[in-house]
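[1] sequence plus predicted model, see below.
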Protein chains: 4
Amino acid sequence: MDIGFIGLGHMGEPLAANLLKAGHRLVIWNRSQASAQRLAAQGAQIATTPEEALGTGIVFSMLADNDAIRAVLIDSGVMAKAAKESVHVNMSTISVAYAQELTAQHEKLGITYIAAPVLGRPDVAAAGKLNILAAGPAAAIDRVQPLLDVLGQKTWRLGETASHANVIKLAANVLLASAVETIAETATFVSAHGVAAADLLQIISNSTFPGPVYQGYGKLIVEDRFDPPGFKAGLALKDVRLALAASDDKATPMPIASLVRDSLLDALAHQEGDKDLAVLGRVAARRAGR
Amino acid sequence: MDIGFIGLGHMGEPLAANLLKAGHRLVIWNRSQASAQRLAAQGAQIATTPEEALGTGIVFSMLADNDAIRAVLIDSGVMAKAAKESVHVNMSTISVAYAQELTAQHEKLGITYIAAPVLGRPDVAAAGKLNILAAGPAAAIDRVQPLLDVLGQKTWRLGETASHANVIKLAANVLLASAVETIAETATFVSAHGVAAADLLQIISNSTFPGPVYQGYGKLIVEDRFDPPGFKAGLALKDVRLALAASDDKATPMPIASLVRDSLLDALAHQEGDKDLAVLGRVAARRAGR
Amino acid sequence: MDIGFIGLGHMGEPLAANLLKAGHRLVIWNRSQASAQRLAAQGAQIATTPEEALGTGIVFSMLADNDAIRAVLIDSGVMAKAAKESVHVNMSTISVAYAQELTAQHEKLGITYIAAPVLGRPDVAAAGKLNILAAGPAAAIDRVQPLLDVLGQKTWRLGETASHANVIKLAANVLLASAVETIAETATFVSAHGVAAADLLQIISNSTFPGPVYQGYGKLIVEDRFDPPGFKAGLALKDVRLALAASDDKATPMPIASLVRDSLLDALAHQEGDKDLAVLGRVAARRAGR
Amino acid sequence: MDIGFIGLGHMGEPLAANLLKAGHRLVIWNRSQASAQRLAAQGAQIATTPEEALGTGIVFSMLADNDAIRAVLIDSGVMAKAAKESVHVNMSTISVAYAQELTAQHEKLGITYIAAPVLGRPDVAAAGKLNILAAGPAAAIDRVQPLLDVLGQKTWRLGETASHANVIKLAANVLLASAVETIAETATFVSAHGVAAADLLQIISNSTFPGPVYQGYGKLIVEDRFDPPGFKAGLALKDVRLALAASDDKATPMPIASLVRDSLLDALAHQEGDKDLAVLGRVAARRAGR
């Protein structure tokens, strides 16, 4: 299939590479050139403008945030020039309100909008093991499903309302960041009592809390190791902010998310925004004078 | 082996039953009689005083809290009458400070004190699948290890300082209660946005958050079903309180535990203390006017 | 002096009225007409477009929020048509970031921008007793000082950077909302112990906490009376949100503001957004099942 | 009048001195001798045992906490030896639960128990300007009222239930500590935006928040000056802890008090427990990397 791909950062590049490996023809566009060149070496065709990438009729986007989408696709007028009946699969993590706005704008333009944010870090993306949260018109998702099957181990279908996928994505990241905050606090707590945090983490990740979050972030916190970052604290804060904004829209208190926001700001205030989210371990230790 | 067992409540009864099934001779004591009678029917010998249960030389206790231990074993003078070189395996969830006090008191009396609190609900205890957190003199734990092997699927050895096992136990329950609080908040959040909380829970418990906590409590929250309780909100609050007290002793801020305390108090204020911990789902919904 | 006045809501109308009473000639503009008609009856000239109000060379604005300013003055192109060397005194409570943006836009247009948000409710405005927080070019503030003297009992001069006045305004409202939250929590606390909340409020407002906040909001909470609203919970939330956004910009954790946000959202979720900020008393009582 | 006075620390010494100055005969007892010697130089008679101080029939106590009261007066058997119809005026800040316990114990002994905790720091005590919160049997309070009039500028009568005075005292200290926390956070917030915290404090303490708390603690925070302490952070934490315990007893969530607890623990973790409560300013600054 001919596919456009816009946005080739830490997440976009491995996704595009997987589509190439699966035998698809890709027309790619990125603001900076290094990753585009790497993908060209794997057979991708570099577009000189985003419009070109849209020319394929199916375009994936994986951009940093609302503002990047707005700048590259909307305010630029690019999307308005896309052919009617094009399909836009937006994998970017954006706000719920902006997902709704985008849905309406695409509808007006006669373009099908699918929200398909993902759960998983870049290494998971590279391995094709992402969980994909897809929402939008069912027929259109059916059409791109073979591509989503290349990109993830599982696509979760969340109905016709595109923004619902973004709601789940933000909830999942609040769950993630809160779990890491709790690991951080309890690790500090047991350490303060002379107990090895490694013991706590080993026990819980082999009993009540199996799975990658408690094991993975737990290990980083125990080892006080936050580089290289898998998921940056600053990006986690971005998502918590989006969740708080969406909770605000629906008058839904989220005290845990609020608390995590403040801990992440503490990290940023200490120049730790580019470190792994596990740096919340250092924030908790700092609060305890350790 | 001849074993004393004191405290036959929701957790103590299935533990004692498992020891009986494994062929041990039990001398049991409980404040109320119903559970003792049931165990007598399975071959246990009912003691008329706690002293008798201590006469076996190895006694397990599974009492409700600090006060119950103090009343039954310490202030009563019972422990002071135990034979030198007796071993007391205390599986109760008690405060860190009291664990330290008990250790010192036992040492003075020439009795070996082992802390062995557990992770798992009564149904897990009945299945012999508990995780046991054991700390105390290594030789003594070695001696009771065959009994612990009957009671749990795994014994985690946490060194010679008995109270360290209690520290880990409290940390584990803070992790548990915080996870449930976060599930509650995010379930309310997605519901407020018109997304089925069941979708969120299905996705996360099949991706980033496998394991019994997210799946089990998630299901209860989604189904708004809090009876019969597996782990009562009021008992979870008890443990969070103990964690906060222990964090206070070491000047370790624990904002997450503080937040969960207040949500659990909200539950109690609404006569939900005897409902399952998952009732935090109702607390979060109430805050959001849902 | 000839003065334009844009925005005649609960705060703008009494301000404009006071300028009229002081003998100034006002050209007024408002989106809706009722308040404009009332002021016309007091001698104001109704402008048919915002441009007309700007024709005077000195224009005050008291609009609801960023969006209202943007819609009426900026996106509309109105400000761009103002005469060079006009002075715009913006009394609206807006975000710090937008205050900075407005400052830059005005500078580009050759128009002097003064930020002059106020402390005080509509009744205080009517009495001419506001505290005015003024920042911007000193010479320009000097020029409008006689007008500010009509509007407030005191002008606090905060330097040349206009947005600094907005920073102080937001901080003051966080202090206010947090104080009300604390009154609410402590009133509920003493009530739960069988002590009259009125006793608590009488004691503290006559000892450690004199002044209008503890006395005024305390009285409303004690009397469980939230209508008519002096300062609406929904508007307080708007300001807390702006403070949180500004704290985010500078990586400054504000746990108290976060907590108050969630309590105010609880109020909104219970259709109490149009009630007085003191309705936090009801939120606290609800949490305690009272 | 002949009066016993037990507990001559930072608060007790100036109180006792004022009673002496007013012409009363004091029999004093204190664990350590320095302050007793100073008061003896002013005419007080030093008791060699607490019993002697109780021999006067009216005894005031101003001890550090529950444990001190328990050790000196109850477990020691001292109070049990007091003459029937003695009056004990306990000015110490103790827990609500212990106040109830003490009331019952005194009743059993036939001794009248009056709770009379105070609002105000040692310098306020020295000036005789305390606010006294008195609860207990009306006739007994009437009898000691002339003495309370010496010690404070105002006695607030809070009914017959002694513990009610302690409830109000704890609520007042939660209000105090929360106000200081909020000052700390907002001072940090404005500083982060390049605005002088002194400007914020000057404005609010001259407008919405007059009175000693905002002015006094605000000044200390602005000046980053926490020695010598007026009211130590560690003592404030003690009172917040008692408030949390009392809120727990009545299932009353107090999120603000919980938050302040954690900030105060942060101070203690950084060896700032003996600094003035205003050191919360440093905690907030630290969180913001300042």
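    Good, I have the coordinates. Residues are numbered from 1 along each chain as shown, chains lettered A, B, ... in the order given.

[2] burial measure for A:Pro122, as a count.
    Neighbourhood size, A:Pro122 [other C-beta atoms under 10 Å in any protein chain shown]: 17. C-beta: built from backbone N, CA, C; applies to glycine.

[3] skip the chain neighbours and tell me the closest residue to it.
    Using C-beta to C-beta, 6 or more residues apart in numbering or on different chains and skipping residues adjacent in sequence, the residue nearest A:Pro122 is A:His10, 4.7 Å away.

[4] likewise A:Ser263?
    A:Val283 (5.1 Å).

[5] got the CA coordinates for the helix or strand hosting that neighbour in PDB?
    Secondary structure assignment for A:Val283, by DSSP states H and E: helix A:280-287. Output in PDB follows, covering the C-alpha atoms of helix A:280-287 (Å, rounded to 0.1, in the frame of the first residue of the first chain):
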ATOM      1  CA  LEU A 280      10.200  10.700  40.400                       C
ATOM      2  CA  GLY A 281      12.300   8.400  42.600                       C
ATOM      3  CA  ARG A 282      14.800  11.200  43.100                       C
ATOM      4  CA  VAL A 283      12.000  13.700  43.700                       C
ATOM      5  CA  ALA A 284      10.600  11.600  46.500                       C
ATOM      6  CA  ALA A 285      14.100  11.000  48.000                       C
ATOM      7  CA  ARG A 286      14.800  14.800  47.900                       C
ATOM      8  CA  ARG A 287      11.600  15.500  49.800                       C
END
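
[6] how far out from the middle of the chain is it?
    The chain centre lies 25 Å from the centre of helix A:280-287; the measure is C-alpha atoms, centre = their mean, to the nearest Å.

[7] got the angle for that helix vs helix D:280-287?
    With axes from the mean of the first three to the mean of the last three C-alpha atoms, to 10 degrees defining the directions, helix A:280-287 sits at 160 degrees from helix D:280-287.

[8] any idea how far A:Leu130 is from A:Arg121?
    9 Å (C-beta to C-beta, to the nearest Å).

[9] of these two, who's got more company?
    A:Leu130 (28 against 18).

[10] can you tell me which residues contact that one?
    Applying C-beta atoms under 8 Å, 6 or more residues apart in numbering or on different chains to A:Leu130 gives the contacts A:118-120, A:124, A:151-153.

[11] quick check: phi and psi at it.
    phi -60, psi 160 (degrees, to the nearest 10).

[12] near chain C at all, the longest helix anywhere in chain A?
    Ordering each helix of chain A by length in residues (DSSP state H) puts helix A:162-192 first. No. Helix A:162-192 stays out of contact with chain C when judged by C-beta under 8 Å from any C-beta of the partner chain, the minimum separation being 12.8 Å.

[13] looking at chain A, which residue reaches furthest from the middle?
    A:Gly194 (37.2 Å; C-alpha atoms, centre = their mean).

[14] tell me the residues of the stretch 151-290 of chain A that contact chain C?
    So the stretch 151-290 of chain A meets chain C at A:241, A:247-248, A:251-255, A:258-259, A:261-263, A:265-266, A:268-269, A:273 (C-beta under 8 Å from any C-beta).

[15] could you rerun that using 7 Å?
    A:241, A:248, A:251-255, A:258, A:261-262, A:265-266, A:268-269 (C-beta under 7 Å from any C-beta of the partner chain).

[16] tell me which two of those residues sit farthest apart.
    A:Ala251 and A:Ala269 (29.2 Å; C-beta to C-beta).

[17] just the buried ones out of the contacts of A:Leu130, please.
    A:118-120, A:124, A:151-152 (16 or more other C-beta atoms under 10 Å in any protein chain shown).

[18] tell me how far A:Gly289 lies from A:Gly211.
    Taking C-beta to C-beta, one finds A:Gly289 at 32 Å from A:Gly211.

[19] any idea how far the nearest residue to A:Pro14 once chain neighbours are set aside lies from chain B?
    Leaving aside its sequence neighbours, A:Pro14 sits nearest to A:Ala126 (C-beta to C-beta, 6+ apart; 3.9 Å). Per C-beta to the nearest C-beta, to the nearest Å, A:Ala126 is found 17 Å from chain B.

[20] one more: A:Val195?
    5 Å.

[21] from the stretch 1-150 of chain A, which residue is nearest to chain D?
    Nearest residue of the stretch 1-150 of chain A to chain D: A:Asp67, at 22.5 Å (C-beta to the nearest C-beta).

[22] ok, and what's touching the strand or helix carrying that residue?
    Assigned by DSSP H and E, A:Asp67 belongs to helix A:66-69. Residues outside helix A:66-69 that contact it (C-beta atoms under 7 Å, 6 or more residues apart in numbering or on different chains): A:61, A:63, A:92, A:94-95, A:98.

[23] now swap in stretch A:48-61 and tell me
    Here stretch A:48-61 has contacts from A:1-7, A:27-29, A:47, A:69, A:72-73, A:76, A:78, A:81-83, A:86-92, A:144, using C-beta under 7 Å, 6+ apart.
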